[in-house]
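Peer 1: everything below, folded, please.
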Amino acid sequence: MSVTNTQMKTVIYDDNIVRAFSIVTIVWGVIAFLVGVLIASQLSFWQANFGLEWLSYGRLRQLHTNAAIFAFVGNGMFAGIYYSTQRLLKTRMASDLLSKINFWGYQLIILAAAISFPMGWTQGKEYAELIWPIDLLVVVVWVIFAVNFFWTLARRNERNLYVALWFYIATIVTIAVLYVVNNLSLPTSLVHSYPIFGGVQDAIVQWWYGHNAVAFFLTTPPLGLMYYFLVKAADRPVYSYRLSIVHFWSLIFLYIWAGPHHLLYTSLPNWAQTLGMIFSIMLWAPSWGGMLNGLLTLRGAWDKLRTDPVIKFFVVAVTFYGMATFEGPLLAIKSVNALGHYTDWIIGHVHSGTLGWNSFMTFGILYWLIPRLYGTKLYSLKMANAHFWIGTVGILLYVTSMWIGGVSQGLFWRALGPDGFLKYPDFIEGLSNSRAMYQTRLAGGSLFLLGIVLMIFNLIRTARQGKPATVSVEVPVANRNRDGEGALALLTSAPMMFMVAIVVLGIIFGCAGPVISPLVLALFIVVVVAVIISYGLHKKRWAHWYGLVERHALVFTIMSLLAILIGGAVEIVPTLVASNRIPLEITDEMVAENPAMAESARWMQKPYSPLELAGRDLYITEGCYSCHSQMIRPFRHEVLRYGDYSRLEESLLDHPFQWGSKRTGLDLARVGGKYDNLWHYLHFMDPRSTSPASNMPAYSHFKTKTLDPAVYTGRMRALGKLGTPYSDEDFALAEQRFLSQGKLIVDYLAGNDVNVETNSQMVAMIAYMQRLGRGPQPLGAPGDGSALDAGAANTATASR
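Peer 2: Purely as a prediction, here's the structure:
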């Protein structure tokens, strides 16, 4: 009989980094939700914009969303990952220096964002508004975090990778891919750039990123934290290990396909819309599998729900996760989306996830962590319980009001009278009817913020009654070669080859034409059937193979990467290829050769003039896309209200696209020529002067702030590099055309006793508004400032 002597060593966990991330989570959380309450008040009371451009709704909304997602939830994610990873791997983080760089670099990113958004420095893409220098810093910090994490995996003293680590791995690799691809851009200055994708290409890439930023920043990390902290708080093992396997792999594979459901009934190709809808509905199963696995982990521990506020927060968080992941696929069904999209229902859906799932999970983790980080007990259980109930009531008020308001808005917009025309043609009437719901939303958000204030006081007193704790454990020394042995064999094994074949065939199928695609699909089906047969015949071998995969971080990471790449590639690559086949300029000769191009030529977007481009950039700077869409869906009620439905060709030159996702105001896709220049001037100076019930902030600074025409010559050159068909003559005459077109608007306004500078922001914004939906008009045409469109002055009541 042989005796094996196991060598032991002492591991001291680095909880200083956990304490640091926990503290800033609380600080940024207060700021994020305070700004949220402010912008909620701006929707009910326009005076809350304070007449300051830096505090306008369009700019602060970007600050709120980024602070809530990346500052509050992001820092909480790092705190939880750094704490749990060290204990799951039984080793200290590989590098204290990299941990500190991760911390300070991330805070620098958030601080830069907090400064840049009120200044109007933005890319104009939801959840990806950060300007390009900050994007570069994000990439650097994320790589540092990844290196530290995977280095720690390589040094671990635990044989297998626990389920929480699976979700961390998927988060790291997927966010890296999403962020880099979506933020590819061409800089024009230190604070401005244009994305390399435009129009429908930009739309599909943006919502591939936007939806999966929710999936892999707001879903997979909290799920990984749930599998650790919920288990610890309940003192029970995970309900089902097998269910966690199915949950993880099906979730990360299906989620990546669902982005196009944000673009239903838009100019996105119908096949991509349908694909997004189908995979969104399929997400019901894995999402609810994860929810049930979390809730059933509490079996035998439900009595703690009465006494432990941490369990309360976790249970409600997981429940809201289930609600949000039921509602998401529901809203992805085309008939439901037709009602809910652009309304406050979407706002309610997003906040049920962010407040109920992400925030409550973060609160529970903080209440569980802080006492342990400071070697003491929670200062007040009663105060934590009060926070729970106040926060829960706040969420219910917020979400319920947005559900009611959103459904009411959708029904109001689409209501037709007996004659088949709009029953409520005045858009502003719908906004007025939503006022009570906006005020209820404000009350709910204020209660939620009050709960956070209670938490801050409770956790500060908790920390003060203890002191920073240092945790050390004795662990067996690991075999350093374990992770490398067999990795090559696993990568070349039959299951891995099956996966690679499915990925490759899926991509080829997406890119193939009508002749080749049926053959590829047949081969794809054959491979899938072969996988099923192989698994049926060799279940034990497959189980043994997966057990080995869990011990090899490299193999597991590669498999996760393959799982998320296939969906993105199948949806994005064909869309990019197909839209690239559409010429950006159609000549008469091309139409003569191919008469089918006549319809495309009719709708083909022409390049913006220098002044119109300046106005468009200002539109993005002010965050106008937060309240206005530029996409008319092919519904009778939308065509009656806004004009002919939008075509793909109309926005191919838009970098970035501005289709929007919310209508607090009118759709602007065909606003050009509907109102005269004086109306636009009055509307920007004081929206109440043209629309008494409007909640739009005033933009009086447009009148006094001026633009440098030379800047837009450079920006036109940048767009030219991205494919916009500008000529050398356009570049040479850019400044002259900027001023000449501006003068027409200035002269028109002067005729109505209004004096503005030719190069003022006001003139540029009016030029852009008059351009939308009309194409470039020859000088002297109605709407360019030299003439007044008939009836334009009588349509003011339809405005926001």
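Peer 1: center of the chain, which residue is that?
Peer 2: Geometric centre of the chain, nearest residue: Gly210, 3.4 Å, by C-alpha atoms, centre = their mean.
Peer 1: give me the mean pLDDT for the helix or strand harbouring that residue.
Peer 2: Using DSSP states H and E, Gly210 sits within helix 199-217. Average pLDDT, helix 199-217: 91.
Peer 1: cool, and stretch 750-757?
Peer 2: Averaging pLDDT along stretch 750-757 gives 95.
Peer 1: dump the C-alpha coordinates for the helix holding Gly210 into CSV.
Peer 2: Extracted in CSV, the C-alpha atoms of helix 199-217 (Å, rounded to 0.1, in the frame of the first residue of the first chain):
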residue,chain,number,x,y,z
GLY,A,199,-27.5,52.3,-42.9
VAL,A,200,-28.8,48.7,-42.7
GLN,A,201,-25.3,47.4,-42.1
ASP,A,202,-24.9,49.6,-39.1
ALA,A,203,-28.3,48.7,-37.9
ILE,A,204,-27.7,44.9,-37.9
VAL,A,205,-24.2,45.3,-36.3
GLN,A,206,-25.5,47.8,-33.7
TRP,A,207,-28.3,45.6,-32.5
TRP,A,208,-26.2,42.4,-32.7
TYR,A,209,-24.1,44.3,-30.2
GLY,A,210,-26.9,46.1,-28.4
HIS,A,211,-29.0,43.0,-27.7
ASN,A,212,-26.0,40.9,-26.7
ALA,A,213,-24.5,43.6,-24.5
VAL,A,214,-27.7,43.0,-22.5
ALA,A,215,-27.1,39.2,-22.9
PHE,A,216,-23.4,39.1,-22.0
PHE,A,217,-23.0,42.1,-19.7
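Peer 1: counting by contacts, list what that helix packs against.
Peer 2: helix 163-182, helix 241-255, helix 553-580 (3 or more C-beta pairs under 8 Å, 6 or more residues apart in numbering; DSSP states H and E). Bear in mind the C-beta positions are built from the backbone N, C-alpha and C, glycine included.
Peer 1: now these as a markdown table including mean neighbour count?
Peer 2: Shown next, in a markdown table, are the helices and strands packed on helix 199-217 (neighbours: other C-beta atoms under 10 Å):
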| stretch | mean neighbour count |
| --- | --- |
| helix 163-182 | 22 |
| helix 241-255 | 19 |
| helix 553-580 | 19 |
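Peer 1: lowest-confidence stretch among those helices?
Peer 2: Between those, the one with the least mean pLDDT is helix 553-580; it has a mean of 80.
Peer 1: other SSEs contacting that one?
Peer 2: If you count contacts as 3+ C-beta pairs under 8 Å, 6+ apart, helix 553-580 packs onto helix 132-154, helix 163-182, helix 199-217, helix 241-255, helix 270-282, helix 487-491, helix 494-511, helix 539-549.
Peer 1: go with 6 Å
Peer 2: Judged by 3 or more C-beta pairs under 6 Å, 6 or more residues apart in numbering; DSSP states H and E, the packing partners of helix 553-580 are helix 163-182, helix 199-217, helix 241-255, helix 487-491, helix 494-511.
Peer 1: so which of the ones you listed is nearest Thr758?
Peer 2: Nearest to Thr758, of all these, is helix 199-217, at 30.5 Å by C-beta to C-beta.
Peer 1: quick one: residues in contact with that closest one.
Peer 2: If you take C-beta atoms under 6 Å, 6 or more residues apart in numbering as the criterion, helix 199-217 is touched by 125-127, 171, 174-175, 178, 182, 195, 197, 255-256, 258-259, 262-263, 267-268, 568, 572, 575-576, 579, 648, 651-652, 654, 656-657.
Peer 1: can you name the next helix or strand after it?
Peer 2: Per DSSP H and E, the helix or strand that comes after helix 199-217 is helix 220-225.
Peer 1: using PDB, write out every CA atom in that next one.
Peer 2: Provided in PDB are the C-alpha atoms of helix 220-225 (Å, rounded to 0.1, in the frame of the first residue of the first chain):
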ATOM      1  CA  THR A 220     -24.400  36.000 -18.100                       C
ATOM      2  CA  PRO A 221     -22.300  37.700 -15.400                       C
ATOM      3  CA  PRO A 222     -25.200  38.000 -12.900                       C
ATOM      4  CA  LEU A 223     -26.100  34.400 -13.700                       C
ATOM      5  CA  GLY A 224     -22.600  33.300 -12.900                       C
ATOM      6  CA  LEU A 225     -22.800  35.300  -9.700                       C
END
